[in-house]
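Colleague: Quick one, fold the following:
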Amino acid sequence: MASIFKNPKLFIPKSLFSSTFCTQKPPFSSFKAAKSAIVSESNPEKLAEIFKQCSQFPKFLRHRPIYDYSIRKLARAGRLDLVDQVLQTQKTQQVDTPVLKSEGFWIRLMMLYSNAGMADKALETFEELCQKKYCNVTEKSLCAVLSVYLDNGSLDKVNECFEEMPKRLGVNPGIVSHNLVLKSLVKQKRIESARNWIEKMEKDGKVVPNIDSYNIILGAYLKIYNMKAFDEVMKEVVKKGIECNFITYNHRITRLCWSKKGTGARKLLEEMVEKGLKPNSVSYNSVIDCFCRVGDFESAKKLLEKMLADGYVLPCSFTYYTMIRSMVKEGEFEQALEICKEIIKRRWIPPFEAVEGLVKGLAEMSKVEEAKDVVEKMKKRLKGEALDSWGKIEATLPL
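Modeller: Next up is the predicted model:
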């Protein structure tokens, strides 16, 4: 999602959804109890009622994730009428309070509607804000409208809105607005138009493209495997002295990994850490996967150890599954056995096809006891249909 709330320049304080004017006694003894009631409730109408009751709870109102979760849950149930009902309640509860005069409050309502796929209601909310003039609008509102169109697939409306709405609102589009247009062009597979947009920004001189602008283009070229164009854009970034951020490094790492340049990707990962940028699981997994694809399992294991030691990300099953699959495929059964033991130790379930290949490989190496041990540990970790499926595979194993 192109949610504008991920951008620090558009940060909207959680307090804008709180209220110190509620005098009714909260229906639950604690925020934890209220949250638990919403998470466990499967009936949409009861969920909506609980939500409205909990709106009397100040801490509940400040907790943005529970709002997002509740709206998503109602939307998934197909009860858009209830989504509208609970969000309309938010407005009525804030009558005669300063909250209603906050631009952030209205933008928040818009994005909740948008995330539920209710673009029309989101835009109606914006029109209500403009018509009743609850507060002055800024570029944040422009970005909110652009995001509604972008997130709901009305890509043709993004450019139209960018051209017309700034004059209507009396605001000047900033870099965030421009980047939303870039995202729209990229989604339409108009990458060259996106590059031309950046060139136009530079010529106009009113708004200077930032690293986020270039990341949008870099990501688009990666998606279509156009490495030549990717490298051209990256040279522009370096030439202009624009500081790379976490996303840029991940793009560069991915680009090298797709070209099977694991050593270079690992050096970029190290450079990233040296510059104080925290890598995520994608940063590590891309390089580990690259080493596995070229059969360099020692380098893959060393990087896995470094990942665990660095502590930037928690170990995830995907990393280990990638390694065991590659090791089995290349016939490195002893190394695969080590990874399999670690997977089971972490209480994950290793991929059936990899374990099947591992057991057969160990049996061929006359390591029957090790193979049997793997089978027994698998059976202890499984139950229900998964155990039945494994039983069919086990019946074919040479033990």
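Colleague: use CA for all of it now, contacts and neighbours both
Modeller: Noted.
Colleague: Would you list the phi and psi of Arg190?
Modeller: phi -110, psi 60 (degrees, to the nearest 10).
Colleague: do the same with Asn172
Modeller: Phi and psi for Asn172, reported as degrees, to the nearest 10, are phi -100, psi 120.
Colleague: Name all residues that make contact with it.
Modeller: Listed by C-alpha atoms under 8 Å, 6 or more residues apart in numbering, the contact set of Asn172 reads Glu139, Pro166.
Colleague: Quickly note the distance from it to Ile38.
Modeller: From Asn172 across to Ile38, the span is 41 Å (C-alpha to C-alpha, to the nearest Å).
Colleague: what about Ala116, how many neighbours?
Modeller: 23 (other C-alpha atoms under 10 Å).
Colleague: Please apply the same query to Lys52.
Modeller: 17.
Colleague: Pull the number of nearby residues for the closest residue to it other than its chain neighbours.
Modeller: Closest residue in space to Lys52, ignoring its immediate chain neighbours: Val86 at 6.3 Å, by C-alpha to C-alpha, 6 or more residues apart in numbering. By the other C-alpha under 10 Å criterion, the neighbourhood of Val86 contains 20 residues.
Colleague: what about Val86, helix or strand, and which?
Modeller: Using DSSP states H and E, Val86 falls within helix 80-93.
Colleague: Give me the secondary structure label for the residue lying closest to Leu169 once chain neighbours are set aside.
Modeller: Among residues not flanking Leu169 along the chain, Val137 sits closest, at 7.0 Å (C-alpha to C-alpha, 6+ apart). Three-state call for Val137 (DSSP: H, G, I helix; E, B strand; the rest coil): coil.
Colleague: Ok, Ile38 next?
Modeller: helix.
Colleague: so the residue lying closest to Met327 once chain neighbours are set aside is in which element?
Modeller: Excluding its sequence neighbours, the residue lying closest to Met327 (C-alpha to C-alpha, 6+ apart) is Ala336, at 5.4 Å. Using DSSP H and E, Ala336 sits within helix 333-345.
Colleague: Same check on Met272?
Modeller: helix 262-274.
Colleague: Centre of the chain to that helix, how far?
Modeller: Distance of helix 262-274 from its chain centroid, counting by C-alpha atoms, centre = their mean, to the nearest Å, is 23 Å.
Colleague: That one - contacts with which helices or strands?
Modeller: Applying 3 or more C-alpha pairs under 8 Å, 6 or more residues apart in numbering; DSSP states H and E, one finds that helix 262-274 contacts helix 246-258, helix 281-293.
Colleague: mind listing what's buried in the helix holding Ala336?
Modeller: Within helix 333-345, the residues scored as buried using 16 or more other C-alpha atoms under 10 Å are Phe333, Glu334, Gln335, Ala336, Leu337, Ile339, Cys340, Ile343, Ile344.
Colleague: Quick check: the third one touching Arg325?
Modeller: No. Because the distance of 11.0 Å does not satisfy C-alpha atoms under 8 Å, Gln335 is recorded as not touching Arg325.
Colleague: what angle separates the helix holding Met272 from helix 281-293?
Modeller: 160 degrees (axes from the mean of the first three to the mean of the last three C-alpha atoms, to 10 degrees).
Colleague: and helix 262-274 with helix 246-258, angle?
Modeller: Angle of helix 262-274 versus helix 246-258, following the same axes, to 10 degrees, is 170 degrees.
Colleague: Give me the contact list for helix 262-274.
Modeller: Helix 262-274 has contacts (C-alpha under 8 Å, 6+ apart) with 246, 249, 252-254, 256-257, 278-279, 283-284, 287, 290-291.
Colleague: about what we covered before: contacts only, for the residue nearest to Lys52.
Modeller: So Val86 contacts Ala48, Phe51, Lys52 (C-alpha under 8 Å, 6+ apart).
Colleague: measure the last one to Glu45 for me?
Modeller: Using C-alpha to C-alpha, Lys52 is found at 11 Å from Glu45.
Colleague: Same check on Thr263?
Modeller: Distance from Thr263 to Glu45, by C-alpha to C-alpha: 56 Å.
Colleague: still on that earlier bit, isn't the residue nearest to Met327 right next to Val328, touching?
Modeller: Yes. Contact criterion C-alpha under 8 Å: Ala336 and Val328 qualify, at 6.2 Å.
Colleague: intersection of neighbour lists for those two?
Modeller: The contact sets of Ala336 and Val328 overlap at Leu358 (C-alpha under 8 Å, 6+ apart).
Colleague: Look at Leu123 and say how many residues are nearby.
Modeller: 19.
Colleague: ok, it touching Met110?
Modeller: Yes. Counting by C-alpha under 8 Å, Leu123 does reach Met110; the two are 7.1 Å apart.
Colleague: joint contacts of the two?
Modeller: Residues touching both Leu123 and Met110 (C-alpha under 8 Å, 6+ apart): Val148.
Colleague: need the contact list for the residue nearest to Met327.
Modeller: Per C-alpha under 8 Å, 6+ apart, neighbours of Ala336: Met323, Ile324, Arg325, Met327, Val328, Leu358.
Colleague: what do you get if the cut-off is 7 Å, keeping everything else the same?
Modeller: Residues near Ala336 by C-alpha atoms under 7 Å, 6 or more residues apart in numbering: Ile324, Met327, Val328.
Colleague: and what of Gln335?
Modeller: Contacts of Gln335 by C-alpha under 7 Å, 6+ apart are Met327.
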